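Trainee: Got a sequence here, can you model it:
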Amino acid sequence: MDRAQDVIEIRGLARHFGRVRALLDVDLAIGPGMFGLVGPNGAGKTTLMRILAGLLRPTRGSAHVLGHDVSTVRGKRAVKALLGYLPQELGLYPDLTAREFLDYIAILKLITDAPARRRQVQVLLERVGLAEAADRRLKTYSGGMKRRVGIAQALLGEPKLLIVDEPTAGLDPEERVRLRNLLAEMAARCTVILSTHIIEDVSQSCSDLAVIQGGQIIFRGHPRELIARARGHTWFLTTADGARPAAGLTVVSTLIAQAGTQYRVLGTPPNGAPVEPVEPSLEDGYLWLMQTG
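Mentor: Below you'll find the model as predicted:
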């Protein structure tokens, strides 16, 4: 990657909360497009996103976003003017309509020209598919509709960087697909960082990703590189009597059929086990990485 094109440059970044070390000397460069940050709950994803958004100071190290140092007051102010941020839990005002809420957030973002503000709110309502429900109170919205309001508020002011933290968690499949497609569209206009523990969201959206575990980056590359980690270690194992796979094999999925029970497993099967090799998925690569480091 051309380092001159990096939107975010992170060097030796650490964040401690008392004795808890949430981030440990993270080095990471992120360029344009959509970038996936993947890891289990508690891995440090949200801490890293909050530092990049200027909401937390690092214990040590540096993070430059769009050329601005987020550890300084001036840098935080500059980044916030260029940033759209959707936290994991967005506080909404249930008695406001979506249009009223977005207008209020736009005022907070210093979009003071009333006609221009109304036009921008309307454009965003249409972009996230909420134009017809714009004048309903937010307390009547589904979880997916509320997430789309969150995306719309993050896009106010036409940010150059959009950070979204676990945007599809808890949504039904239709809303997850809708949000993934929306974020992919946004990546053509600005850099998008998608922080998630849902591997499918990254496999469908990102051509560049990092995996974080225990506050450290343990993988960085293209999804196909992560898939390749599990090649030769992914199998179908079928048993007629429902017996569980041997110890040492990780069960990824189980399918009950008339011919027996088919397990998708990771690992090294014992000699003579009734297995057949299978091409790994991104989820297989991720799980294998989690096991082997």
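Trainee: can you map out the strands along the chain?
Mentor: For the chain, strands defined by DSSP state E occupy the ranges 8-17, 20-30, 34-38, 60-65, 68-69, 83-86, 161-165, 191-196, 208-213, 216-221, 234-239, 250-257, 260-266, 275-277.
Trainee: Let me know which of the ones you listed is the nearest to Pro173.
Mentor: Each of these was scored for nearness to Pro173 using C-beta to C-beta, and the closest is strand 191-196 (15.1 Å). For the C-beta atoms, the positions are set from N, CA and C on the backbone; glycine is no exception.
Trainee: quick one: that closest one to strand 60-65, angle?
Mentor: Computed with axes from the mean of the first three to the mean of the last three C-alpha atoms, to 10 degrees, the direction of strand 191-196 lies at 130 degrees from that of strand 60-65.
Trainee: I'd say Ser281 and Ile227 touch.
Mentor: Yes: counting by C-beta atoms under 8 Å, Ser281 does reach Ile227; the two are 6.8 Å apart.
Trainee: ok, back up a step: turn the strands of the chain into a markdown table, columns for mean pLDDT, mean neighbour count and distance to Ala134.
Mentor: Shown next, in a markdown table, are the strands of the chain (pLDDT from 0 to 100; neighbours: other C-beta atoms under 10 Å; distance: least, C-beta to C-beta, whole Å):
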| stretch | mean pLDDT | mean neighbour count | distance to Ala134 |
| --- | --- | --- | --- |
| strand 8-17 | 97 | 17 | 33 |
| strand 20-30 | 96 | 18 | 33 |
| strand 34-38 | 96 | 24 | 27 |
| strand 60-65 | 96 | 19 | 32 |
| strand 68-69 | 95 | 18 | 34 |
| strand 83-86 | 94 | 23 | 19 |
| strand 161-165 | 94 | 23 | 21 |
| strand 191-196 | 94 | 24 | 24 |
| strand 208-213 | 96 | 21 | 34 |
| strand 216-221 | 97 | 17 | 40 |
| strand 234-239 | 92 | 18 | 47 |
| strand 250-257 | 91 | 13 | 41 |
| strand 260-266 | 92 | 19 | 44 |
| strand 275-277 | 93 | 12 | 52 |
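Trainee: Which residue is the nearest non-sequential neighbour of Leu66?
Mentor: Excluding the flanking residues, the one nearest Leu66 by C-beta to C-beta, 6 or more residues apart in numbering is Leu82, at 5.5 Å.
Trainee: how about the one you found, what does it touch?
Mentor: Contacts for Leu82 (C-beta atoms under 8 Å, 6 or more residues apart in numbering) come out as 65-66, 159-161.
Trainee: and what of Arg99?
Mentor: Listed by C-beta under 8 Å, 6+ apart, the contact partners of Arg99 are 121, 125, 134-135.
Trainee: Let me have those in JSON lines, extended by distance to Ala243, neighbour count and pLDDT.
Mentor: JSON lines is the format used below for the contacts of Arg99 (distance: C-beta to C-beta, whole Å; neighbours: other C-beta atoms under 10 Å; pLDDT from 0 to 100):
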{"residue": "Val121", "distance to Ala243": "60", "neighbour count": "24", "pLDDT": "98"}
{"residue": "Leu125", "distance to Ala243": "55", "neighbour count": "21", "pLDDT": "96"}
{"residue": "Ala134", "distance to Ala243": "56", "neighbour count": "19", "pLDDT": "97"}
{"residue": "Asp135", "distance to Ala243": "59", "neighbour count": "11", "pLDDT": "97"}
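Trainee: export those to JSON lines and tack on distance to Leu86?
Mentor: JSON lines is the format used below for the contacts of Arg99 (distance: C-beta to C-beta, whole Å):
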{"residue": "Val121", "distance to Leu86": "17"}
{"residue": "Leu125", "distance to Leu86": "16"}
{"residue": "Ala134", "distance to Leu86": "19"}
{"residue": "Asp135", "distance to Leu86": "22"}
